[in-house]
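*Asks:* sequence plus the predicted model coming up.
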Amino acid sequence: MTDINKDRLILAGDIGGTKTNLALYSHGKTRPVAQVVESYSCREALGLEGIVEQFIEKHPASITDVCFAIAGPVIDGRCKTTNLPWNVSERSIARRFGWNIRLINDLVATALGIPLLYSRELYPLNKVRLRKGGNIALAAPGTGLGTSMLIWHDGRYIPISSEGGHVDFAPTDEDQVLLWRYMHEHYGHVSIERIVSGPGILNIFSYLKETGRYRVTSWLARDLERMDPARAITEAAIQKKDPLCLKVLSMFTSILGSISGNLALTVLTTGGVYLGGGIPPKILPALADGVFMNAFANKGRFKSLLEKMPVRVILNDHTAILGAARYALEEDLGVN
């Protein structure tokens, strides 16, 4: 058991579709400092409050302010999670634990964490230098696809909530048109999250397999059975072991590049475009081979503008919880 007695400890959380991270943070010189961090499987839990109960039993501390970043739209202090059967509310948590609490969207939290990241926690996809004072966009493929923005206003960044992962998928070549038709037959509405996510990798794989242009080798079939299928596909592609997997990852990175370029134009991201989520750090060689950046800048008359925008991959997988901690430490949460 960890018993912590420090000045102004806050509880921060990152509630995703697969796991929940909870941490106690204190003030630091340049950014909040984690004192303890725990990770829990969401699939094995009935709800968030039970996970929080486990955490505070193991790490008792004097807590008044809490911020949880959660995967889904937060409206009036409530969130019905997108990829979990949970309904989470500030009022319910405050009533049970007696805290001042805010729920914020997980991509808003990640965006808030971006200005706190060190250069070693970012992987550059182009050589354009970062500069403070311009709008920032974030695209984060993982269990789903999240997007957010930081708007520079009056000397500070203002985070903007978004459910941009659910906008329409817009094909940019004939292969993508055929992929759209395949997806439309299966889902009706084809959002970009259906393609640019872990499940999306499997959707691209299924489409390409059904074209008859590729065959699934026996060793790949075994890997798809014994490990996470999206991981099996991306690892085989990174190692250049299988033509089908290579094509899957190439389509994935191209579409991710295209939607990232769309975000860059929508927000005019002179401050940079950042790739977060669980997938980009695992596929760095594919993101750096030129396919992503070609699709990113392929916007006709605005190609030269996009080529001047910095693009970075976030390597710190605790950026969302760091942003939640920043929010709890810097904002007046008031009394719930």
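*Replies:* Noted; the coordinates are in hand.

*Asks:* the stretch 101-250 of the chain: helices as residue ranges?
*Replies:* For the stretch 101-250 of the chain, the helices defined by DSSP state H, counting those that start in this stretch occupy 106-113, 174-187, 198-210, 218-226, 229-238, 243-267.

*Asks:* out of the ones you listed, which one sits most buried?
*Replies:* Comparing the helices of the stretch 101-250 of the chain by mean neighbour count (mean count of other C-beta atoms under 10 Å), helix 106-113 comes out on top with a mean of 29. All C-beta spots, glycine's among them, are computed from the backbone N, C-alpha and C.

*Asks:* my reading is that residue 66 lies in a strand. Confirm?
*Replies:* Yes - under DSSP: H, G, I helix; E, B strand; the rest coil, residue 66 falls within a strand.

*Asks:* please name the residues that touch it.
*Replies:* Neighbour list for residue 66: 10-13, 93, 97, 99-102, 328, 333 [criterion: C-beta atoms under 8 Å, 6 or more residues apart in numbering].

*Asks:* any chance of JSON lines for these, columns pLDDT and secondary structure?
*Replies:* Output for the contacts of residue 66, formatted as JSON lines (pLDDT from 0 to 100; DSSP: H, G, I helix; E, B strand; the rest coil):
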{"residue": "10", "pLDDT": "93", "secondary structure": "strand"}
{"residue": "11", "pLDDT": "95", "secondary structure": "strand"}
{"residue": "12", "pLDDT": "97", "secondary structure": "strand"}
{"residue": "13", "pLDDT": "95", "secondary structure": "strand"}
{"residue": "93", "pLDDT": "93", "secondary structure": "helix"}
{"residue": "97", "pLDDT": "92", "secondary structure": "helix"}
{"residue": "99", "pLDDT": "92", "secondary structure": "coil"}
{"residue": "100", "pLDDT": "92", "secondary structure": "strand"}
{"residue": "101", "pLDDT": "94", "secondary structure": "strand"}
{"residue": "102", "pLDDT": "94", "secondary structure": "strand"}
{"residue": "328", "pLDDT": "92", "secondary structure": "helix"}
{"residue": "333", "pLDDT": "61", "secondary structure": "coil"}
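
*Asks:* which of the residues you listed are buried, as a PyMOL select command?
*Replies:* Selection command for PyMOL covering only the buried members of these, criterion 16 or more other C-beta atoms under 10 Å:
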select buried, resi 10+11+12+13+93+99+100+101+102+328+333
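
*Asks:* now, which of the contacts of residue 66 sits nearest residue 232?
*Replies:* Set against residue 232, the nearest of the contacts of residue 66 by C-beta to C-beta is residue 13 (30.3 Å).

*Asks:* quick revisit: and of the helices of the stretch 101-250 of the chain, who's closest to residue 321?
*Replies:* helix 106-113 (7.2 Å).

*Asks:* ok, residue 90 - how many residues close by?
*Replies:* 21 (other C-beta atoms under 10 Å).

*Asks:* one step back: of all the helices of the stretch 101-250 of the chain, which one comes closest to residue 315?
*Replies:* Closest among the helices of the stretch 101-250 of the chain, once you apply C-beta to C-beta, is helix 106-113, at 12.2 Å.

*Asks:* what's that closest one in contact with?
*Replies:* 14-16, 67, 69-72, 136, 138, 140, 146-150, 157, 159-162, 276, 314, 316, 319-324, 326-327.

*Asks:* out of the contacts of residue 66, which comes closest to residue 210?
*Replies:* Nearest to residue 210 among those: residue 13, at 40.3 Å, using C-beta to C-beta.

*Asks:* correct me, but that closest one touches residue 24?
*Replies:* No - applying C-beta atoms under 8 Å as the test, residue 13 and residue 24 come out as separate, 10.5 Å apart.

*Asks:* got the buried residues for stretch 122-137?
*Replies:* 122-123, 125-126, 134-137.

*Asks:* ok, of the residues you listed, which one's closest to residue 207?
*Replies:* Nearest to residue 207 among the buried residues of stretch 122-137 is residue 125, at 26.0 Å by C-beta to C-beta.

*Asks:* the closest residue to the closest one other than its chain neighbours pairs with what?
*Replies:* Counting by C-beta to C-beta, 6 or more residues apart in numbering, residue 311 is the residue found nearest to residue 125 once chain neighbours are left out, at 4.3 Å. Counting by DSSP bridges, residue 311 is bridged to residue 273.

*Asks:* list the contacts of residue 311.
*Replies:* Neighbour list for residue 311: 124-126, 128, 260, 272-275, 293, 296 [criterion: C-beta under 8 Å, 6+ apart].

*Asks:* wait, which of those residues is closest to residue 62?
*Replies:* Residue 62 has its nearest neighbour among the contacts of residue 311 in residue 274, at 34.6 Å by C-beta to C-beta.

*Asks:* distance-wise, check that closest one relative to residue 58.
*Replies:* According to C-beta to C-beta, to the nearest Å, residue 274 stands 33 Å off from residue 58.

*Asks:* who has more neighbours, those two?
*Replies:* Just comparing residue 274 and residue 58: by other C-beta under 10 Å the higher neighbour count belongs to residue 274, 28 against 12.
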